[in-house]
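Asker: pasted the sequence and its predicted model underneath.
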Amino acid sequence: MSEQSLPGDTREGYADELPEYAERVLEVAERIPPGRVMTYGDVAEWLEEGGPRQVGRVMSLYGGTVPWWRVVRADGVLLPGHELGALDHYRAEGTPLKEATRAAEGHLPRLDMKRARWDGGADAGAHT
């Protein structure tokens, strides 16, 4: 996911070295259904521990082996430096997007957070 990620490494190979909190964050990221997202704050709230910055740090260090594009900023802006890769995933999964205006920097869409946000409930397949 970032230059700090462990390229080519799998979670299983690092299970003994992965901090317990990081393991829990990655498990939540894996539960998010295709086409849905959770914010960094949503993940922290789900875990009842840490905050958005701690979740973001875990994702930057260890998130490359999980669907990292499903853990996002609350404003729906695509992850800087990974916009195009994330956008490919969002389009393939049918994640709701808001098309960018001509004035938007880079003309990149944002996530439609009202429709794409997942609360961790049973509606895994339905967009709201």
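Answerer: Sure, I can see it. Numbers count the residues shown, from 1 in each chain.
Asker: who's the residue nearest the centre of the chain bridged to?
Answerer: Using C-alpha atoms, centre = their mean, the residue of the chain that lies closest to the mean C-alpha position is V71, 1.7 Å off. On the basis of DSSP bridges, V71 is bridged to M38.
Asker: any low-confidence regions in this protein?
Answerer: By pLDDT under 70, the low-scoring segments of the chain are 1-16, 102-106, 122-128.
Asker: which residues in it form helices?
Answerer: Using DSSP state H, the helices assigned to the chain run over residues 20-31, 40-47, 52-62, 83-93, 113-116.
Asker: what's next to stretch 91-105, contact-wise?
Answerer: 34-37, 76, 89-90, 106-112, 115-116, 127 (C-beta atoms under 8 Å, 6 or more residues apart in numbering). All C-beta spots, glycine's among them, are computed from the backbone N, C-alpha and C.
Asker: how close does the residue nearest to the centre of the chain sit to T101?
Answerer: Distance of V71 to T101, computed by C-beta to C-beta, to the nearest Å: 26 Å.
Asker: now swap in R57 and tell me
Answerer: For R57 relative to T101 (C-beta to C-beta), the value is 32 Å.
Asker: so for the two, which sits in the more crowded spot?
Answerer: More neighbours surround R57 than the other of R57 and T101, with 17 against 8 (other C-beta atoms under 10 Å).
Asker: what sits against that one?
Answerer: Applying C-beta under 8 Å, 6+ apart, no residues contact R57.
Asker: again, only using 10 Å
Answerer: Q4, Y21, A22, V25, Y40, G50, G63 (C-beta atoms under 10 Å, 6 or more residues apart in numbering).
Asker: PyMOL command to pick out the buried ones of the residues you listed?
Answerer: Buried members of the contacts of R57, defined by 16 or more other C-beta atoms under 10 Å, are picked up in PyMOL with:
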select buried, resi 21+22+25+40+50+63
